[in-house]
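Visitor: Kindly return the folded structure for what I paste below:
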Amino acid sequence: MTLLDQMEAIEKELNEVIHEQEIKFNYEFKGKKVEFEASMKEAHKKLKIGLIRWLSTRPQNLITGPIIYSMIFPMLILDLCISFYQLTCFPIYKIKLAKRSNYISFDRHHLHYLNWIEKFHCTYCAYGAGLLSYITEIVARTEQYFCPIKHARKVMGTHSRYIKFLEYGDAEDYQKNLEAFRRQLST
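Guide: From the prediction side, this is the model:
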């Protein structure tokens, strides 16, 4: 069994664990919406920390909030720029578009144990982390098209496509396989 086969098996196992969590915490998907069983909703509501108590135990959030939330402007600009890039360039190179909704998910507001400030935080973080995943996928597809070569030294946080890239210094396979890497992007 190759390393890639092992990774696929682990991913399948992870999906099974996630499904078990759905059962354990009594929720199911109804379309794109997450729905909790009524008894679980009530139990969650009892665990919610009230606004006054939450604010009094977290004064650092009030102090740093303006700095953190001012980052929404660069994120929105980045989102606009990367989306424009993908929409204009990918069709030219016949690269399949990355679907934004596969990377940015707003579902934590269905959690009844969060107060409205916590839900706001979760929405902000879901957007930021999802945006980075969306950008990573667009850049990964670009890298696969132009330069599907691993780096000479180990780099942290590589994208999911990186493991299939060609080895550093493998000139023969680069010339032989570049078009195959490009064709994979159109499916």
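Visitor: for this protein, what are the low-confidence residue spans?
Guide: The chain contains residues with pLDDT under 70 at 1, 4, 15, 17-29, 32, 35-48, 51, 54, 187.
Visitor: Tell me where it has helices.
Guide: Assigned by DSSP state H, the chain shows helices spanning 3-24, 38-47, 51-57, 59-70, 72-93, 116-146, 171-184.
Visitor: which stretch among those comes nearest residue 161?
Guide: Residue 161 lies closest, by CB to CB, to one member of the helices of the chain: helix 116-146, at 4.6 Å. For glycine as for every other residue, the C-beta is placed from the backbone atoms N, C-alpha and C.
Visitor: Please identify the buried residues of that closest one?
Guide: 117-119, 121-122, 126-127, 130-131, 133-145 (16 or more other CB atoms under 10 Å).
Visitor: So which elements touch that helix?
Guide: helix 51-57, helix 72-93, helix 171-184 (3 or more CB pairs under 8 Å, 6 or more residues apart in numbering; DSSP states H and E).
Visitor: Residue 109: which of those is closest?
Guide: Closest to residue 109 of the helices and strands packed on helix 116-146 is helix 51-57 (CB to CB; 15.9 Å).
Visitor: Using CSV, write out every CA atom in that closest one.
Guide: Only the C-alpha atoms of helix 51-57 are listed here, as CSV (Å, rounded to 0.1, in the frame of the first residue of the first chain):
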residue,chain,number,x,y,z
LEU,A,51,-23.3,38.4,27.8
ILE,A,52,-22.5,40.3,30.9
ARG,A,53,-20.6,37.4,32.5
TRP,A,54,-18.8,36.7,29.2
LEU,A,55,-17.7,40.3,28.8
SER,A,56,-16.5,40.6,32.4
THR,A,57,-14.3,37.5,32.2
